[in-house]
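[1] What shape does this take:
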Amino acid sequence: MKAKASVVAQKLLNLYRQEHVIEGGWAAVNKVFVAEATQDVIAELKDLPTGRMLVRHIANLRDGTTPMDSIARELLPYGGLMAETTNVVLAPDETQEVLDAINSFTPDENGLTRFMQSDVIQQLGADWPNILRTALANNHEASNKLKEIVKIKNAHTMWTRANDIVARPASDRTRAQLQVDMPEYETYLPMFGDRGTELLKQLHTMLSSIPDSETIKPNVF
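    Numbering: from 1, shown residues only. Below you'll find the model as predicted:
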């Protein structure tokens, strides 16, 4: 039972941290949280990075404090960095440039490079996912394509980080960060097929080689 609970807890935590690329957003993932967060799962979540925040969010959903299509701002993952916090309004020509870039996107490394180097994305800066998510809220087709682009961008980011980690001896700081970021690695590395699965195994081995007494426990709420 404990093993199963830990698997479900990790799944819920992945959903919590990846809501921004999931169809239906909070309305979709909140239903899963409420349905699958048994007491055993809750106990497992409390031992995972940011897990206590998710536990508080689930409690809010169950007692009605938070609507089923929302989340309290203080409980947003990544300190709210993935939330729609920007009020930037795109001009009509900028919107068209964005749509052209999205429609011409190909789901490979070259396609991602072209997209990221396009003038309009360069002008929007690092907050481009949030800006575009807001700007395209009423364009269902473009919004879905954007989610896929963000997912691929995140995957390549985590692929690069993972390869950097296994390429050199791991420090305590590296292991601590690896513990925190493991849900992202588990979400994205399998997208790279056998190579990604093998890389994920290397990361797990790096953590499992640490004696329990030395396991780094990140600070959580």
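
[2] which stretches of this protein form helices?
    Under the criterion DSSP state H, the chain carries helices at the ranges 2-17, 25-36, 39-45, 51-63, 92-103, 109-116, 119-124, 128-135, 140-166, 172-188, 193-208.

[3] For the third one, list the C-alpha coordinates in PDB.
    As requested, C-alpha coordinates have been extracted for helix 39-45 and formatted as PDB (Å, rounded to 0.1, in the frame of the first residue of the first chain):
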ATOM      1  CA  GLN A  39      -4.900   9.600   3.700                       C
ATOM      2  CA  ASP A  40      -2.000   7.400   2.700                       C
ATOM      3  CA  VAL A  41      -1.300   9.600  -0.300                       C
ATOM      4  CA  ILE A  42      -1.500  12.800   1.800                       C
ATOM      5  CA  ALA A  43       1.100  11.300   4.200                       C
ATOM      6  CA  GLU A  44       3.400  10.600   1.300                       C
ATOM      7  CA  LEU A  45       2.900  14.100  -0.100                       C
END
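
[4] just to revisit the earlier point, highest average neighbour count across the helices of the chain?
    Comparing the helices of the chain by mean neighbour count (mean count of other C-beta atoms under 10 Å), helix 128-135 ranks first with a mean of 21. For glycine as for every other residue, the C-beta is placed from the backbone atoms N, C-alpha and C.

[5] For it, enumerate the helices and strands it packs against.
    Helix 128-135 is packed against helix 92-103, helix 119-124, helix 140-166, with contacts defined by 3 or more C-beta pairs under 8 Å, 6 or more residues apart in numbering; DSSP states H and E.

[6] Distance to residue 65 and mean pLDDT added to those, as JSON lines?
    Putting these into JSON lines (distance: least, C-beta to C-beta, whole Å; pLDDT from 0 to 100) gives the following:
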{"stretch": "helix 92-103", "distance to residue 65": "36", "mean pLDDT": "91"}
{"stretch": "helix 119-124", "distance to residue 65": "35", "mean pLDDT": "85"}
{"stretch": "helix 140-166", "distance to residue 65": "28", "mean pLDDT": "91"}
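
[7] how about the helices of the chain in JSON lines, adding distance to residue 71?
    Supplementary listing: the helices of the chain in JSON lines, determined by distance: least, C-beta to C-beta, whole Å:
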{"stretch": "helix 2-17", "distance to residue 71": "9"}
{"stretch": "helix 25-36", "distance to residue 71": "5"}
{"stretch": "helix 39-45", "distance to residue 71": "15"}
{"stretch": "helix 51-63", "distance to residue 71": "6"}
{"stretch": "helix 92-103", "distance to residue 71": "27"}
{"stretch": "helix 109-116", "distance to residue 71": "29"}
{"stretch": "helix 119-124", "distance to residue 71": "25"}
{"stretch": "helix 128-135", "distance to residue 71": "15"}
{"stretch": "helix 140-166", "distance to residue 71": "18"}
{"stretch": "helix 172-188", "distance to residue 71": "17"}
{"stretch": "helix 193-208", "distance to residue 71": "28"}
